[in-house]
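Engineer: Have a look at this fold, sequence not included:
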């Protein structure tokens, strides 16, 4: 038994030393690696309503800029833009990267590439926005009144029902995106013509949106927290 106990102690000691060697590396190596990889600029993520008005307008200008730049893929016709290329990439991969473990890392890389295009091709210099929808859900006020849908400092409001008729043919997509039946009437993208969608189709259409207020009533932070605790 003493011999067996000694083996167990030595094995655990060996594993601990091995782990520490992997973490710390050779003397001086870790410092050199950290110095070589030290970030010179940390990209900031900021909730839309917390951004300054200058940054909001700058971000929207950058998106509009991307919607005017020609696509880099020469196989696409001249009407397609750099913005369209990102939509095409997402729709082409939708069936493979949704509902699987790859969902988060793929979309993280996708978002990084989109952010890089805005910065390098359209000179955006502000923080990258995100929408914390839990701050708008729960029924305290209509979801459509969220600052992100503001026609002057956001992305425009709801679509007007009946101003767009989505196609009904089967494009073969497994993950179908929700098709709204109304074109957005105000905001910076009200007059934009999109060339990709719905789903895999390559069709010219307006920006559509259909904000459903009822589902948002049970999507507030308190409701989400309650469900997590009850799981």
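Structural biologist: Happy to help now that I have it. Every value quoted in this text rests on a predicted model; they were computed, and no experiment measured them. Numbering: from 1, shown residues only.
Engineer: how many other residues sit next to residue 180?
Structural biologist: By the criterion of other C-beta atoms under 10 Å, residue 180 has 21 neighbours. Glycine gets a C-beta too; all of them are placed from N, C-alpha and C.
Engineer: show me the contacts for the spatially most central residue of the chain.
Structural biologist: Nearest residue to the geometric centre of the chain (C-alpha atoms, centre = their mean): residue 111, 5.3 Å. Under the criterion of C-beta atoms under 8 Å, 6 or more residues apart in numbering, the contact list for residue 111 reads residue 128.
Engineer: Now do it against residue 229, distance only.
Structural biologist: Residue 111 sits at a distance of 30 Å from residue 229 (criterion: C-beta to C-beta, to the nearest Å).
Engineer: what comes up buried for stretch 137-156?
Structural biologist: For stretch 137-156, the buried set under the neighbour-count rule, 16 or more other C-beta atoms under 10 Å, comprises 137, 138, 143, 146, 147, 148, 149, 150, 153, 154, 155, 156.
Engineer: how far out from the middle of the chain is it?
Structural biologist: Centroid displacement of stretch 137-156 relative to its chain, using C-alpha atoms, centre = their mean, to the nearest Å, is 18 Å.
Engineer: before we move on, what about stretch 154-162?
Structural biologist: With C-alpha atoms, centre = their mean as the basis, stretch 154-162 stands 20 Å off its chain's centre.
Engineer: Spell out the residue ranges of the helices in this protein.
Structural biologist: Assigned by DSSP state H, the helices in the chain fall at 2-24, 29-37, 53-66, 82-97, 103-122, 213-216, 221-230.
Engineer: Now the last one: buried residues?
Structural biologist: Residues of helix 221-230 classed as buried: residue 223 (neighbour count, 16+ other C-beta under 10 Å).
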